[in-house]
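Asker: Test case, fold it:
(2 chains)
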Amino acid sequence: MPEKAELARFEQMVLPHLGAAYNLARWLTGNNHDAEDVVQESYLRALKFFGGFRGENSRPWLLTIVRNTCFTWLRQNRFSEFTELDEQIHGREREPRNPESIMLAAAHSETVRKAIEALPPEFREVIILREMEDLSYKEISVIASIPVGTVMSRLARARSRLQELLSELMTRGVGA
Amino acid sequence: MNCREAQELIHGFVDSELGLVLNLEMERHMRECPGCSGTDERLHAMHTAVSDNSLYFQPPAGLEDRLRTRLRKVNSVEGRVWTLSPSWRGIGIAAALVLCIAGTWQIANTRQRSSITETIGQEVVASHVRSLMATHLTDVPSSDQHTVKPWFNGKLDFSPVVADFADRGFVLAGGRLDYLANRAVAALVYRRRQHVINLFTWPTSQRDMAIRAFDRLGYHALNWNKSHVTYWTVSDLNPEELRQFADMLRNHE
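Answerer: Residues are numbered from 1 along each chain as shown, chains lettered A, B, ... in the order given. Here you go, the predicted model:
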(Lines give C-alpha, C1' and ligand atoms only; values in the text may rest on other atoms or scores of the structure.)
Protein backbone atom coordinates (compact mmCIF):
# COMPACT_ATOMS: atom_id res chain seq x y z
CA MET A 1 0.00 0.00 0.00
CA PRO A 2 1.18 3.50 -0.73
CA GLU A 3 3.33 5.20 1.84
CA LYS A 4 3.90 8.94 1.96
CA ALA A 5 6.53 8.87 -0.78
CA GLU A 6 4.32 6.66 -2.89
CA LEU A 7 1.41 9.09 -2.50
CA ALA A 8 3.69 11.96 -3.50
CA ARG A 9 4.72 10.02 -6.60
CA PHE A 10 1.07 9.25 -7.34
CA GLU A 11 0.11 12.92 -7.01
CA GLN A 12 2.99 13.93 -9.24
CA MET A 13 2.22 11.37 -11.96
CA VAL A 14 -1.55 11.04 -11.91
CA LEU A 15 -3.03 14.31 -10.62
CA PRO A 16 -1.89 16.31 -13.69
CA HIS A 17 -4.38 14.27 -15.74
CA LEU A 18 -7.33 15.49 -13.70
CA GLY A 19 -8.52 17.58 -16.66
CA ALA A 20 -8.61 14.59 -19.02
CA ALA A 21 -10.25 12.42 -16.34
CA TYR A 22 -12.91 15.02 -15.65
CA ASN A 23 -13.61 15.70 -19.32
CA LEU A 24 -14.15 12.00 -20.07
CA ALA A 25 -16.29 11.47 -16.96
CA ARG A 26 -18.33 14.60 -17.70
CA TRP A 27 -19.04 13.49 -21.26
CA LEU A 28 -19.97 9.97 -20.22
CA THR A 29 -22.11 10.77 -17.17
CA GLY A 30 -23.69 13.88 -18.67
CA ASN A 31 -23.61 16.09 -15.57
CA ASN A 32 -21.13 17.83 -13.23
CA HIS A 33 -22.17 16.20 -10.00
CA ASP A 34 -21.84 12.59 -11.14
CA ALA A 35 -18.71 13.40 -13.13
CA GLU A 36 -17.05 14.65 -9.94
CA ASP A 37 -18.15 11.54 -8.03
CA VAL A 38 -16.84 9.25 -10.75
CA VAL A 39 -13.53 11.14 -10.89
CA GLN A 40 -13.06 10.92 -7.13
CA GLU A 41 -13.93 7.22 -7.11
CA SER A 42 -11.54 6.64 -10.03
CA TYR A 43 -8.65 8.37 -8.29
CA LEU A 44 -9.19 6.32 -5.15
CA ARG A 45 -9.13 3.16 -7.25
CA ALA A 46 -6.10 4.40 -9.14
CA LEU A 47 -4.24 4.96 -5.88
CA LYS A 48 -5.14 1.45 -4.78
CA PHE A 49 -3.76 -0.07 -8.00
CA PHE A 50 -0.84 2.33 -8.34
CA GLY A 51 1.58 -0.25 -6.93
CA GLY A 52 0.82 -2.46 -9.92
CA PHE A 53 1.28 0.35 -12.46
CA ARG A 54 4.68 0.16 -14.13
CA GLY A 55 4.03 1.87 -17.43
CA GLU A 56 5.45 5.14 -18.61
CA ASN A 57 2.30 6.89 -19.61
CA SER A 58 -0.10 7.42 -16.75
CA ARG A 59 -2.78 9.26 -18.75
CA PRO A 60 -4.18 6.26 -20.67
CA TRP A 61 -3.77 4.19 -17.51
CA LEU A 62 -5.88 6.64 -15.51
CA LEU A 63 -8.41 7.01 -18.32
CA THR A 64 -8.90 3.23 -18.36
CA ILE A 65 -9.94 3.38 -14.72
CA VAL A 66 -12.15 6.44 -15.31
CA ARG A 67 -13.75 4.77 -18.30
CA ASN A 68 -14.53 1.58 -16.38
CA THR A 69 -15.89 3.51 -13.42
CA CYS A 70 -18.09 5.50 -15.82
CA PHE A 71 -19.48 2.40 -17.50
CA THR A 72 -20.23 0.81 -14.13
CA TRP A 73 -22.01 4.03 -13.22
CA LEU A 74 -23.91 4.07 -16.53
CA ARG A 75 -25.07 0.50 -16.07
CA GLN A 76 -26.36 1.32 -12.59
CA ASN A 77 -27.87 4.72 -13.26
CA ARG A 78 -28.65 5.08 -16.92
CA PHE A 79 -29.76 1.58 -17.65
CA SER A 80 -32.63 2.70 -19.90
CA GLU A 81 -30.40 4.61 -22.28
CA PHE A 82 -27.54 2.23 -21.88
CA THR A 83 -27.68 -0.80 -24.11
CA GLU A 84 -24.79 -2.96 -25.12
CA LEU A 85 -23.76 -1.63 -28.47
CA ASP A 86 -24.99 -3.68 -31.36
CA GLU A 87 -22.39 -3.08 -34.03
CA GLN A 88 -24.89 -4.30 -36.63
CA ILE A 89 -27.59 -1.75 -35.91
CA HIS A 90 -25.19 1.13 -35.93
CA GLY A 91 -23.03 -0.67 -38.37
CA ARG A 92 -23.83 0.69 -41.78
CA GLU A 93 -21.83 3.65 -42.82
CA ARG A 94 -24.02 5.94 -44.81
CA GLU A 95 -23.04 8.99 -46.69
CA PRO A 96 -25.05 11.96 -45.49
CA ARG A 97 -27.81 12.88 -47.90
CA ASN A 98 -26.50 16.31 -48.70
CA PRO A 99 -22.88 16.63 -47.65
CA GLU A 100 -22.63 20.09 -49.19
CA SER A 101 -25.08 21.49 -46.69
CA ILE A 102 -23.00 20.29 -43.78
CA MET A 103 -20.56 23.03 -43.10
CA LEU A 104 -19.00 21.43 -40.08
CA ALA A 105 -16.54 24.19 -39.64
CA ALA A 106 -19.45 26.58 -39.31
CA ALA A 107 -21.38 24.38 -36.89
CA HIS A 108 -21.98 26.16 -33.65
CA SER A 109 -20.16 24.41 -30.81
CA GLU A 110 -23.50 24.13 -28.98
CA THR A 111 -24.82 22.07 -31.89
CA VAL A 112 -21.72 19.87 -31.87
CA ARG A 113 -22.14 19.39 -28.12
CA LYS A 114 -25.75 18.24 -28.53
CA ALA A 115 -24.76 15.86 -31.31
CA ILE A 116 -21.97 14.26 -29.22
CA GLU A 117 -24.34 13.93 -26.26
CA ALA A 118 -26.84 12.10 -28.46
CA LEU A 119 -24.29 9.39 -29.38
CA PRO A 120 -24.44 6.01 -27.63
CA PRO A 121 -21.82 5.89 -24.83
CA GLU A 122 -19.53 3.49 -26.76
CA PHE A 123 -19.44 5.88 -29.70
CA ARG A 124 -19.10 8.92 -27.44
CA GLU A 125 -16.06 7.45 -25.68
CA VAL A 126 -14.07 6.72 -28.85
CA ILE A 127 -14.83 10.23 -30.18
CA ILE A 128 -13.66 11.84 -26.90
CA LEU A 129 -10.53 9.67 -26.68
CA ARG A 130 -9.55 10.18 -30.31
CA GLU A 131 -10.66 13.72 -31.17
CA MET A 132 -10.21 15.42 -27.81
CA GLU A 133 -7.46 13.39 -26.16
CA ASP A 134 -5.53 12.56 -29.34
CA LEU A 135 -4.90 9.02 -28.15
CA SER A 136 -3.61 6.35 -30.54
CA TYR A 137 -5.75 3.41 -31.67
CA LYS A 138 -3.61 1.17 -29.50
CA GLU A 139 -4.20 3.27 -26.40
CA ILE A 140 -7.92 3.47 -27.14
CA SER A 141 -8.08 -0.29 -27.63
CA VAL A 142 -6.62 -0.79 -24.14
CA ILE A 143 -8.90 1.79 -22.52
CA ALA A 144 -12.11 0.57 -24.14
CA SER A 145 -10.94 -3.08 -24.06
CA ILE A 146 -11.64 -3.70 -27.73
CA PRO A 147 -9.25 -4.95 -30.44
CA VAL A 148 -7.28 -2.31 -32.38
CA GLY A 149 -9.18 -3.18 -35.57
CA THR A 150 -12.47 -2.53 -33.83
CA VAL A 151 -11.21 0.92 -32.78
CA MET A 152 -11.01 2.02 -36.41
CA SER A 153 -14.37 0.54 -37.42
CA ARG A 154 -16.06 1.92 -34.31
CA LEU A 155 -14.58 5.36 -34.94
CA ALA A 156 -15.83 5.19 -38.51
CA ARG A 157 -19.33 4.38 -37.31
CA ALA A 158 -19.22 6.94 -34.53
CA ARG A 159 -18.15 9.68 -36.95
CA SER A 160 -20.76 8.67 -39.46
CA ARG A 161 -23.44 8.76 -36.77
CA LEU A 162 -22.14 12.07 -35.48
CA GLN A 163 -22.36 13.52 -38.94
CA GLU A 164 -25.97 12.34 -39.28
CA LEU A 165 -26.86 13.87 -35.93
CA LEU A 166 -25.20 17.15 -36.84
CA SER A 167 -27.01 17.18 -40.13
CA GLU A 168 -30.35 16.58 -38.37
CA LEU A 169 -29.70 19.24 -35.74
CA MET A 170 -28.59 21.81 -38.27
CA THR A 171 -31.52 21.15 -40.60
CA ARG A 172 -33.88 21.50 -37.65
CA GLY A 173 -32.04 24.65 -36.57
CA VAL A 174 -32.49 26.16 -40.01
CA GLY A 175 -36.16 25.10 -40.23
CA ALA A 176 -37.08 26.56 -36.84
CA MET B 1 -5.49 2.14 -54.89
CA ASN B 2 -9.19 2.37 -55.71
CA CYS B 3 -11.92 4.30 -53.89
CA ARG B 4 -13.29 1.27 -52.06
CA GLU B 5 -9.89 0.56 -50.54
CA ALA B 6 -9.34 4.24 -49.81
CA GLN B 7 -12.69 4.54 -48.01
CA GLU B 8 -11.85 1.52 -45.88
CA LEU B 9 -8.60 3.09 -44.76
CA ILE B 10 -9.60 6.71 -44.62
CA HIS B 11 -10.15 6.86 -40.84
CA GLY B 12 -6.75 5.33 -40.22
CA PHE B 13 -5.35 7.87 -42.68
CA VAL B 14 -6.98 10.86 -40.98
CA ASP B 15 -5.82 9.56 -37.59
CA SER B 16 -2.23 9.01 -38.81
CA GLU B 17 -2.45 5.34 -37.98
CA LEU B 18 -1.35 3.94 -41.35
CA GLY B 19 2.22 2.93 -42.03
CA LEU B 20 4.46 4.90 -44.36
CA VAL B 21 3.69 2.90 -47.49
CA LEU B 22 -0.10 2.97 -47.15
CA ASN B 23 0.07 6.61 -46.20
CA LEU B 24 1.89 7.48 -49.43
CA GLU B 25 -0.62 5.49 -51.47
CA MET B 26 -3.47 7.27 -49.75
CA GLU B 27 -1.90 10.66 -50.37
CA ARG B 28 -1.55 9.83 -54.04
CA HIS B 29 -5.17 8.69 -54.22
CA MET B 30 -6.36 11.88 -52.47
CA ARG B 31 -4.64 14.02 -55.09
CA GLU B 32 -6.38 12.13 -57.87
CA CYS B 33 -9.85 11.58 -56.40
CA PRO B 34 -12.11 14.52 -55.50
CA GLY B 35 -14.68 12.20 -53.84
CA CYS B 36 -12.25 10.69 -51.35
CA SER B 37 -10.44 13.94 -50.70
CA GLY B 38 -13.88 15.42 -49.93
CA THR B 39 -14.40 12.76 -47.27
CA ASP B 40 -10.93 13.51 -45.96
CA GLU B 41 -11.77 17.21 -45.68
CA ARG B 42 -15.05 16.48 -43.91
CA LEU B 43 -13.28 14.28 -41.37
CA HIS B 44 -10.73 17.00 -40.72
CA ALA B 45 -13.51 19.53 -40.32
CA MET B 46 -15.19 17.23 -37.83
CA HIS B 47 -11.97 16.89 -35.90
CA THR B 48 -11.63 20.67 -35.77
CA ALA B 49 -15.23 21.05 -34.62
CA VAL B 50 -15.07 18.34 -31.93
CA SER B 51 -11.64 19.26 -30.59
CA ASP B 52 -12.74 22.85 -30.05
CA ASN B 53 -11.66 24.07 -26.61
CA SER B 54 -15.16 25.17 -25.72
CA LEU B 55 -16.27 21.52 -25.77
CA TYR B 56 -13.59 20.36 -23.34
CA PHE B 57 -15.02 20.29 -19.83
CA GLN B 58 -12.76 21.89 -17.24
CA PRO B 59 -12.83 20.39 -13.74
CA PRO B 60 -14.77 22.52 -11.26
CA ALA B 61 -12.78 24.87 -9.05
CA GLY B 62 -11.61 23.15 -5.91
CA LEU B 63 -11.89 19.59 -7.24
CA GLU B 64 -8.14 19.14 -7.23
CA ASP B 65 -7.92 20.31 -3.60
CA ARG B 66 -10.83 18.13 -2.54
CA LEU B 67 -9.17 15.19 -4.28
CA ARG B 68 -5.80 15.80 -2.60
CA THR B 69 -7.46 15.97 0.80
CA ARG B 70 -9.35 12.76 0.17
CA LEU B 71 -6.32 10.90 -1.17
CA ARG B 72 -4.28 11.87 1.87
CA LYS B 73 -7.04 10.80 4.19
CA VAL B 74 -7.40 7.47 2.45
CA ASN B 75 -3.66 6.97 2.48
CA SER B 76 -3.54 7.17 6.25
CA VAL B 77 -4.14 3.85 7.98
CA GLU B 78 -7.59 4.57 9.40
CA GLY B 79 -8.94 5.80 6.11
CA ARG B 80 -7.54 3.02 4.01
CA VAL B 81 -10.57 0.75 4.29
CA TRP B 82 -12.50 3.31 2.20
CA THR B 83 -10.42 2.50 -0.84
CA LEU B 84 -12.18 -0.85 -1.06
CA SER B 85 -15.00 -1.30 -3.54
CA PRO B 86 -18.56 -0.46 -2.34
CA SER B 87 -19.42 -4.07 -1.60
CA TRP B 88 -16.55 -4.14 0.88
CA ARG B 89 -17.59 -0.93 2.54
CA GLY B 90 -19.82 -2.62 5.08
CA ILE B 91 -16.93 -4.76 6.18
CA GLY B 92 -14.76 -1.66 6.04
CA ILE B 93 -17.04 0.19 8.43
CA ALA B 94 -17.08 -2.77 10.80
CA ALA B 95 -13.30 -2.96 10.62
CA ALA B 96 -13.04 0.77 11.29
CA LEU B 97 -15.24 0.40 14.38
CA VAL B 98 -13.12 -2.43 15.65
CA LEU B 99 -10.11 -0.21 15.03
CA CYS B 100 -11.57 2.59 17.13
CA ILE B 101 -12.43 0.25 19.99
CA ALA B 102 -9.30 -1.82 20.04
CA GLY B 103 -7.01 0.93 18.88
CA THR B 104 -4.09 -1.36 18.40
CA TRP B 105 -1.51 -1.45 15.66
CA GLN B 106 -1.86 -5.17 15.42
CA ILE B 107 -5.33 -4.98 13.89
CA ALA B 108 -4.39 -2.13 11.64
CA ASN B 109 -1.49 -4.16 10.30
CA THR B 110 -3.62 -7.21 9.69
CA ARG B 111 -6.19 -5.15 7.83
CA GLN B 112 -3.49 -3.53 5.79
CA ARG B 113 -1.87 -6.84 5.01
CA SER B 114 -5.09 -8.44 3.81
CA SER B 115 -5.73 -5.62 1.34
CA ILE B 116 -2.11 -5.89 0.19
CA THR B 117 -2.71 -9.60 -0.34
CA GLU B 118 -5.82 -8.79 -2.35
CA THR B 119 -3.85 -6.41 -4.55
CA ILE B 120 -1.08 -8.96 -5.08
CA GLY B 121 -3.74 -11.57 -5.87
CA GLN B 122 -4.98 -9.34 -8.68
CA GLU B 123 -1.43 -8.81 -9.92
CA VAL B 124 -0.79 -12.56 -9.87
CA VAL B 125 -3.87 -13.31 -11.98
CA ALA B 126 -3.01 -10.46 -14.38
CA SER B 127 0.52 -11.80 -14.72
CA HIS B 128 -0.79 -15.31 -15.37
CA VAL B 129 -3.13 -14.01 -18.08
CA ARG B 130 -0.33 -12.00 -19.68
CA SER B 131 1.99 -15.01 -19.68
CA LEU B 132 -0.63 -16.92 -21.68
CA MET B 133 -1.32 -14.10 -24.15
CA ALA B 134 2.23 -13.19 -25.05
CA THR B 135 4.73 -15.57 -26.57
CA HIS B 136 6.58 -15.29 -23.32
CA LEU B 137 5.44 -18.09 -21.11
CA THR B 138 8.97 -19.23 -20.32
CA ASP B 139 12.46 -17.73 -20.53
CA VAL B 140 13.98 -21.13 -19.98
CA PRO B 141 11.78 -23.84 -21.46
CA SER B 142 12.80 -27.08 -19.82
CA SER B 143 11.24 -29.94 -17.95
CA ASP B 144 14.53 -30.55 -16.13
CA GLN B 145 14.62 -28.96 -12.69
CA HIS B 146 18.43 -29.05 -12.81
CA THR B 147 18.33 -26.81 -15.88
CA VAL B 148 15.65 -24.46 -14.61
CA LYS B 149 17.00 -23.83 -11.12
CA PRO B 150 20.54 -22.75 -12.12
CA TRP B 151 19.07 -20.47 -14.80
CA PHE B 152 17.83 -18.16 -12.06
CA ASN B 153 21.38 -17.75 -10.66
CA GLY B 154 22.43 -14.13 -10.83
CA LYS B 155 18.99 -13.04 -11.99
CA LEU B 156 17.34 -13.03 -8.59
CA ASP B 157 18.54 -12.27 -5.07
CA PHE B 158 17.31 -15.68 -3.94
CA SER B 159 17.33 -19.23 -5.23
CA PRO B 160 13.84 -20.54 -5.86
CA VAL B 161 12.79 -24.06 -5.04
CA VAL B 162 12.24 -25.90 -8.32
CA ALA B 163 10.42 -29.19 -7.95
CA ASP B 164 9.18 -31.62 -10.56
CA PHE B 165 6.01 -33.59 -10.12
CA ALA B 166 5.86 -35.19 -13.57
CA ASP B 167 5.26 -38.59 -11.98
CA ARG B 168 2.05 -37.17 -10.50
CA GLY B 169 0.87 -35.44 -13.67
CA PHE B 170 2.20 -31.94 -13.00
CA VAL B 171 4.94 -31.47 -15.58
CA LEU B 172 7.52 -28.73 -15.22
CA ALA B 173 7.54 -26.67 -18.46
CA GLY B 174 10.11 -24.04 -17.60
CA GLY B 175 10.76 -20.82 -15.75
CA ARG B 176 10.89 -17.09 -16.34
CA LEU B 177 11.50 -13.86 -14.49
CA ASP B 178 8.46 -11.84 -13.54
CA TYR B 179 7.76 -8.73 -11.55
CA LEU B 180 5.21 -8.74 -8.74
CA ALA B 181 4.65 -6.86 -5.49
CA ASN B 182 7.31 -4.35 -6.57
CA ARG B 183 10.11 -6.90 -6.92
CA ALA B 184 11.59 -9.45 -9.28
CA VAL B 185 10.16 -12.91 -8.63
CA ALA B 186 10.66 -16.42 -9.92
CA ALA B 187 7.86 -17.77 -12.10
CA LEU B 188 7.77 -21.51 -12.69
CA VAL B 189 5.46 -22.94 -15.29
CA TYR B 190 3.84 -26.34 -14.96
CA ARG B 191 1.37 -28.14 -17.17
CA ARG B 192 -1.47 -30.36 -16.10
CA ARG B 193 -3.12 -31.85 -19.21
CA GLN B 194 -4.00 -28.76 -21.30
CA HIS B 195 -3.87 -26.38 -18.33
CA VAL B 196 -1.00 -24.04 -17.59
CA ILE B 197 -0.07 -23.39 -13.97
CA ASN B 198 2.08 -20.44 -12.96
CA LEU B 199 3.91 -20.65 -9.65
CA PHE B 200 5.39 -17.40 -8.32
CA THR B 201 7.80 -17.40 -5.40
CA TRP B 202 9.80 -14.78 -3.55
CA PRO B 203 11.25 -14.38 -0.05
CA THR B 204 9.16 -12.86 2.73
CA SER B 205 9.77 -11.80 6.31
CA GLN B 206 6.33 -13.06 7.29
CA ARG B 207 5.65 -16.16 9.29
CA ASP B 208 4.31 -19.40 7.84
CA MET B 209 0.74 -19.11 6.64
CA ALA B 210 -1.78 -21.73 5.61
CA ILE B 211 -3.18 -21.80 2.08
CA ARG B 212 -5.62 -19.04 1.18
CA ALA B 213 -7.74 -19.14 -1.96
CA PHE B 214 -8.60 -16.32 -4.37
CA ASP B 215 -10.91 -16.49 -7.34
CA ARG B 216 -10.79 -13.88 -10.01
CA LEU B 217 -11.96 -13.72 -13.62
CA GLY B 218 -12.46 -17.49 -13.65
CA TYR B 219 -8.92 -18.21 -12.46
CA HIS B 220 -8.07 -19.80 -9.15
CA ALA B 221 -5.13 -18.64 -7.12
CA LEU B 222 -3.66 -20.04 -3.92
CA ASN B 223 -1.26 -18.25 -1.61
CA TRP B 224 0.76 -19.50 1.34
CA ASN B 225 4.01 -18.76 3.15
CA LYS B 226 6.47 -21.43 4.18
CA SER B 227 9.98 -21.07 5.57
CA HIS B 228 10.07 -17.35 4.71
CA VAL B 229 9.04 -17.87 1.12
CA THR B 230 5.77 -16.61 -0.33
CA TYR B 231 4.08 -18.89 -2.84
CA TRP B 232 1.37 -17.91 -5.29
CA THR B 233 0.02 -20.42 -7.74
CA VAL B 234 -2.61 -19.60 -10.33
CA SER B 235 -4.39 -21.51 -13.06
CA ASP B 236 -7.68 -22.20 -14.77
CA LEU B 237 -7.32 -25.76 -13.51
CA ASN B 238 -10.14 -26.91 -11.23
CA PRO B 239 -9.66 -25.83 -7.59
CA GLU B 240 -9.27 -29.39 -6.25
CA GLU B 241 -6.33 -30.26 -8.48
CA LEU B 242 -4.70 -26.88 -7.93
CA ARG B 243 -5.01 -27.53 -4.21
CA GLN B 244 -3.39 -30.94 -4.72
CA PHE B 245 -0.53 -29.19 -6.52
CA ALA B 246 -0.15 -26.70 -3.67
CA ASP B 247 -0.13 -29.48 -1.08
CA MET B 248 2.61 -31.34 -2.98
CA LEU B 249 4.71 -28.18 -3.00
CA ARG B 250 4.13 -27.58 0.68
CA ASN B 251 5.21 -31.09 1.51
CA HIS B 252 8.19 -30.99 -0.83
CA GLU B 253 11.61 -31.35 0.83
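
Asker: so who does the most centrally placed residue in chain A touch?
Answerer: With distances taken as CA atoms, centre = their mean, A:Glu125 lies nearest the centre of chain A, 2.4 Å away. Listed by CB atoms under 8 Å, 6 or more residues apart in numbering or on different chains, the contact partners of A:Glu125 are A:24, A:27-28, A:67, A:143-144. Heads up, the C-betas are built off the backbone N, CA and C, glycines and all.

Asker: Mind pulling up the pLDDT for it?
Answerer: For A:Glu125, the pLDDT comes out at 96.

Asker: and the longest helix belonging to chain A, which residues are buried?
Answerer: If you go by DSSP state H, chain A has its longest helix at helix A:148-175. Residues of helix A:148-175 classed as buried: A:150-167, A:169-170 (neighbour count, 16 or more other CB atoms under 10 Å in any protein chain shown).

Asker: What of stretch A:55-73?
Answerer: A:58-67, A:69-71, A:73.

Asker: Tell me which residues touch residue 7, please.
Answerer: Unless you meant another one, I'm taking chain A. Here A:Leu7 is in contact with A:47, B:71-72, B:75 (CB under 8 Å, 6+ apart).

Asker: Chain B, not that one
Answerer: B:Gln7 makes contact with B:36, B:39, according to CB under 8 Å, 6+ apart.

Asker: what's the spacing between the helix or strand containing it and its chain's center?
Answerer: Using DSSP states H and E, B:Gln7 falls within helix B:3-14. How far helix B:3-14 lies from its chain's middle: 35 Å, per CA atoms, centre = their mean, to the nearest Å.

Asker: which of the residues in that helix are buried?
Answerer: By neighbour count with 16+ other CB under 10 Å, helix B:3-14 contains the buried residues B:6, B:9-14.

Asker: okay, the residues you listed in a markdown table with distance to chain A next?
Answerer: Formatted as a markdown table, these follow (distance: CB to the nearest CB, whole Å):
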| residue | distance to chain A |
| --- | --- |
| B:Ala6 | 13 |
| B:Leu9 | 9 |
| B:Ile10 | 8 |
| B:His11 | 5 |
| B:Gly12 | 5 |
| B:Phe13 | 10 |
| B:Val14 | 9 |
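
Asker: nearest to A:Asp37, of these?
Answerer: Within the buried residues of helix B:3-14, distances to A:Asp37 taken as CB to CB reach their minimum at B:His11, with 33.6 Å.

Asker: Quick check: that closest one touching B:Asp40?
Answerer: No: shown here, B:His11 and B:Asp40 do not form a contact pair, counting by CB atoms under 8 Å, at 10.2 Å.

Asker: relative to helix B:3-14, how tilted is the longest helix of chain A?
Answerer: 90 degrees (axes from the mean of the first three to the mean of the last three CA atoms, to 10 degrees).

Asker: at contact distance from chain B, anything in helix A:148-175?
Answerer: Yes: judged by CB under 8 Å from any CB of the partner chain, helix A:148-175 and chain B are in contact via A:152, A:155-156, A:159, A:162-163.

Asker: For the residue of the stretch 101-250 of chain B at minimum distance from chain A, what is the enclosing helix or strand?
Answerer: When scored by CB to the nearest CB, the stretch 101-250 of chain B has B:Glu123 as its residue closest to chain A, at 5.0 Å. Taking DSSP H and E as the definition, B:Glu123 sits inside helix B:105-133.

Asker: which element follows that helix toward the C-terminus?
Answerer: Assignment by DSSP H and E places the next element after helix B:105-133 at strand B:140-141.

Asker: pLDDT (mean, whole number) over that following strand?
Answerer: Mean predicted lDDT for strand B:140-141 stands at 80.

Asker: That strand pairs with which strands?
Answerer: Paired with strand B:140-141 in the same sheet, following DSSP bridges, are strand B:171-180 (antiparallel).

Asker: List of residues touching the partner strand?
Answerer: Residues contacting strand B:171-180 (CB under 8 Å, 6+ apart): A:54, B:120, B:123-124, B:127, B:131, B:136-145, B:148, B:151-152, B:155-156, B:160, B:162-166, B:184-192, B:196, B:200, B:202, B:232.

Asker: Okay, buried residues for that strand please.
Answerer: In strand B:171-180, counting by 16+ other CB under 10 Å, buried: B:171-176, B:178, B:180.

Asker: Also stretch B:140-154?
Answerer: Quick answer for stretch B:140-154 (16+ other CB under 10 Å): B:140, B:142, B:145, B:148-149, B:151-152.

Asker: do stretch B:194-204 as well
Answerer: B:196-204.

Asker: Likewise for stretch B:215-225?
Answerer: Neighbour-count burial for stretch B:215-225 flags B:216, B:219-225 (criterion: 16+ other CB under 10 Å).

Asker: Show me how the record splits the chain into domains.
Answerer: Answering for chain A, as no chain was given. A:4-77, A:99-175 (automatic domain parsing).

Asker: wrong chain, I was asking about chain B
Answerer: What automatic domain parsing lists as the domains of chain B is B:3-55, B:115-251.

Asker: what's the closest of those to A:Met13?
Answerer: So among those, domain B:115-251 is nearest, using CB to CB, at 15.4 Å.

Asker: phi, psi of the nearest residue to B:His195 once chain neighbours are set aside?
Answerer: In space, and not counting its chain neighbours, B:His195 is closest to B:Leu237: 4.3 Å by CB to CB, 6 or more residues apart in numbering or on different chains. The phi/psi pair for B:Leu237 (degrees, to the nearest 10) reads phi -60, psi 160.

Asker: which residues touch B:Leu237?
Answerer: B:192, B:195, B:197, B:220, B:245.

Asker: likewise B:Val162?
Answerer: By CB under 8 Å, 6+ apart, the neighbours of B:Val162 are B:145, B:148-149, B:172, B:175, B:188.

Asker: likewise A:Val126?
Answerer: A:140, A:144, A:151, A:154-155, A:158.

Asker: ok but it is inside a strand, no?
Answerer: No: according to DSSP: H, G, I helix; E, B strand; the rest coil, A:Val126 belongs to no strand; its state is helix.

Asker: Would you quantify the distance from B:Ala187 to B:Leu180?
Answerer: Distance, B:Ala187 to B:Leu180, using CB to CB, to the nearest Å: 9 Å.

Asker: coming back round to it: just give me the lowest mean pLDDT stretch among the domains of chain B.
Answerer: Among the domains of chain B, domain B:115-251 scores lowest, at a mean of 87.

Asker: what distance separates that domain from the centre of its chain?
Answerer: Domain B:115-251 sits 15 Å away from the centroid of its parent chain (CA atoms, centre = their mean).
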